[in-house]
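Colleague: Quick one, structure for this:
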Amino acid sequence: MNDHDPRALSFASADHSEELARAELYGLLARLWMAPPDAALLAQFRVAVTEAPEAGSLLEAPWQALVAALRSTTPDAAADEYDALFGGVGKPEVFLYGSFYLAGFLNEKPLAALRTDLAALGLTRDATRGETEDHIAYGCEVMRYLIAGDDIAVCNLEQQRRFFRGHLQTWVIPLCDAVEAHPRAQVWRPVAQLTRVFMDIETQGFDLLEV
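Modeller: Got it, this is the predicted structure:
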């Protein structure tokens with residue numbers, strides 16, 4: 001769960017693979033929630049990424065807002081904002097961990113339950129990273145893997161549904177609320193808005209599976 005390749009920006013067309021487009025969007029969100037965009041990523045947005053994942057869809061407006069925000073920032077400004085929102089010494093302004101929203105504290109029972117489910121999927125935490133597995137970026141990376149991975153016994157729609165229901169749908173919207181309400185959020189407000197809309201679309205899609 002440590003692939004932050006900016007190639008996630010090359011959205012697939014609808015006639016190629018809707019599933020690939022979902023995986024790529026999860027990958028991009030993982031990249032943006034994990035760390036501030038570097039110069040290379042910002043350069044891609046300035047010269048190449050112009051169209052929404054699906055023209056006319058609910059994602060179009062938040063995607064355009066994200067593109068505009070990333071085109072108007074710099075690596076230093078984005079890093080300062082990321083640190084102001086999610087870093088710093090002591091308690092951050094906004095937590096990026098599911099346990100905080102589900103239990104009120106870090107490293108609580110939701111994290112233990114997540115680790116159990118990740119182990120069942122054959123996934124383990126990258127020991128070189130400081131973030132725990134309930135970080136929003138890790139959740140997005142897992143979804144990307146479950147959509148685009150080659151192991152069909154693990155990477156299938158039912159596993160996507162279970163993981164999303166149990167470990168993302170339960171808390172990501174409150175995170176988006178916190179980011180959107182923060183006065184310092186310039187780049188991450190549209191990141192949160194895109195995440196919110198995408199989570200809503202995913203929720204609706206999984207609802208249809210259960211009808």
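Colleague: any residues touching stretch 197-208, and which ones?
Modeller: With CB atoms under 8 Å, 6 or more residues apart in numbering as the test, stretch 197-208 has contacts from 22, 25, 29, 58-59, 62, 160-161, 164-165, 168-169, 172-173, 176. Bear in mind the C-beta positions are built from the backbone N, C-alpha and C, glycine included.
Colleague: Show the buried residues in those residues.
Modeller: The neighbour count (16 or more other CB atoms under 10 Å) marks 22, 25, 29, 59, 62, 160-161, 164, 168-169, 172-173, 176 as buried among these.
Colleague: Go through these and flag which are in helices.
Modeller: 22, 25, 29, 62, 160, 161, 164, 172, 173, 176 (DSSP state H).
Colleague: Redo these as TSV? Include distance to residue 145.
Modeller: TSV is the format used below for these (distance: CB to CB, whole Å):
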residue	distance to residue 145
22	12
25	14
29	14
62	24
160	10
161	15
164	13
172	17
173	22
176	22
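Colleague: Which members of these are the farthest-apart pair?
Modeller: 62 and 161 (23.4 Å; CB to CB).
Colleague: For residue 64, give me the backbone phi and psi.
Modeller: Backbone torsions for residue 64, taken as degrees, to the nearest 10, come to phi -60, psi -40.
Colleague: Okay, and the closest residue to it other than its chain neighbours sits in which element?
Modeller: Spatial nearest neighbour of residue 64, chain neighbours left out: residue 52 (6.6 Å); criterion: CB to CB, 6 or more residues apart in numbering. For residue 52, there is no helix or strand it lies in under DSSP states H and E.
Colleague: How much space separates residue 203 from residue 168?
Modeller: Going from residue 203 to residue 168 by CB to CB, to the nearest Å gives 9 Å.
Colleague: scratch that, residue 99 is what I was asking about
Modeller: 13 Å.
Colleague: do the same with residue 105
Modeller: 19 Å.
Colleague: Residue 136 against residue 96, yeah?
Modeller: Yes - between residue 136 and residue 96 a contact is recorded at 5.0 Å, counting by CB atoms under 8 Å.
Colleague: any common contacting residues for those two?
Modeller: 33, 175.
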